[in-house]
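Asks: fold the following, please.
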Amino acid sequence: MKKYIKNLMILTLGAVLYTACTDEVGTEIGNDGAPYVSIFKYVATQPNDPDTDAAIRVAANNKVSAVYYLSELTADKKERGMSDDAYAEYVATNGTQLELLTDSFSGGKYADFVATNMKGEYTITVVGVDGAKKASASTTFVGLDWVTIADGTYYFSAKAQSRFNLGASATTSLQYLRTDPTRYRFKFLYGVGKSLEARLTEERDVDENGDSITFMRVDPQATGVDFGDYGNINVRDLGYWQEDDSFAFSADYGCYITDDQSYCCMAIQMFVSAGSLGYGWDEFVAD
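Replies: All right, here's what the predicted structure looks like:
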C-alpha cells in the first residue's frame, strides 16, 4: 500500500508539471468505454533544443491498441479544412506510430516522444486507435526561429564570474528573432535554455574607439541560475537599475552593439529578491 501511495504521489506531481491538454475524446483513463488519449507537453532538454523541440507524453486507456502522432504548422492544418474525425484518420494514416508502454503500478498505457524542428506555430496531434474507433488530443507549440548573426566568445566581468560561478568566458552565438529583428540574444549563455536577451533600440552614438554603435536594452529577466538560498539571479541594464534612461544610452554605462555586429558591450547588474549582487561590464567578440 505504501508503494502504491508513493507512486500515486509521483504521478500526480508529474501531472502538475505538465501543461494542460486539449481536444480529448473518450472516457477517463482506466475506464473501458471508448478509447481515450491525453497529451502533455513539457520543456525539452539536451540534446534537444527547447526553442524548437517539445517533449510530449501521451497517456491512453486500456481500449487503445496503437497511438500515432503528427506535428505540422497550425496554418497547414487549418488549410486542410478537415473535420475532427477526418483529421484523426489522416493522422493515423500519415503520422508516426509510437511505442505504447504499460505503467507497472497503474496498468495504464503511455508513450513519450520529442517533436522536433518546429519553427513557428505548430499543432501536435495524437490519435489512439481501437479498431475502427479513434480518439484524438492536441496541443500547440510556438517555436522560435532565431537567426545567427555571429558565433563568438562572451567575456564575463569579474563580478559576474563570482555570482554565476562561471569561468572568464563562454562560447555563444549572437542571434536575432526572425519575427522580431529588434530582439537579440546570446544563446544559452548561462546553460541550455538559459539565454541572455537584449532589445535593439534606435538610439545611436560612438564608443571610445570612435566606432558607431546602437544601444540595446536588457529588460529585467531571470537567468535560470540560482544564487545559494536567495533563488534565481536576475539581470538588467544599469538604466533599469537606476531608473534613469541616461545610463542606458551612455557609451560608458549602457549596452550596445557596433554597426558591423562584431562587438557588444554589456553593462549588466545582477540581483535577487533580497537585493543587488553588483554589476560589471561584459563583452562579446565575434569570431
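Asks: doesn't Ala88 belong to a strand?
Replies: No: using DSSP: H, G, I helix; E, B strand; the rest coil, the secondary structure at Ala88 is helix, not a strand.
Asks: that one and Val127 touch, don't they?
Replies: Yes: between Ala88 and Val127 there is a contact under C-beta atoms under 8 Å: 4.9 Å. The way it works is simple: take the backbone N, C-alpha and C, and place the C-beta from them, glycine included.
Asks: what touches both of the two?
Replies: Counting by C-beta atoms under 8 Å, 6 or more residues apart in numbering, the shared contacts of Ala88 and Val127 are 134-136.
Asks: now those as a markdown table including distance to Arg57 and secondary structure?
Replies: Below are the shared contacts of Ala88 and Val127 laid out as a markdown table (distance: C-beta to C-beta, whole Å; DSSP: H, G, I helix; E, B strand; the rest coil):
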| residue | distance to Arg57 | secondary structure |
| --- | --- | --- |
| Lys134 | 19 | strand |
| Ala135 | 16 | strand |
| Ser136 | 16 | strand |
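Asks: can I get the residues you listed in a markdown table including pLDDT, distance to Gln175 and neighbour count?
Replies: Formatted as a markdown table, the shared contacts of Ala88 and Val127 follow (pLDDT from 0 to 100; distance: C-beta to C-beta, whole Å; neighbours: other C-beta atoms under 10 Å):
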| residue | pLDDT | distance to Gln175 | neighbour count |
| --- | --- | --- | --- |
| Lys134 | 94 | 41 | 24 |
| Ala135 | 95 | 40 | 25 |
| Ser136 | 96 | 36 | 23 |
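Asks: tell me where the stretch 151-287 of the chain has helices.
Replies: Along the stretch 151-287 of the chain, the stretches classed as helices by DSSP state H, counting those that start in this stretch are 158-164, 238-242, 245-248.
Asks: TSV for those, including distance to Lys194?
Replies: Compiled in TSV, these are given as follows (distance: least, C-beta to C-beta, whole Å):
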stretch	distance to Lys194
helix 158-164	10
helix 238-242	20
helix 245-248	23
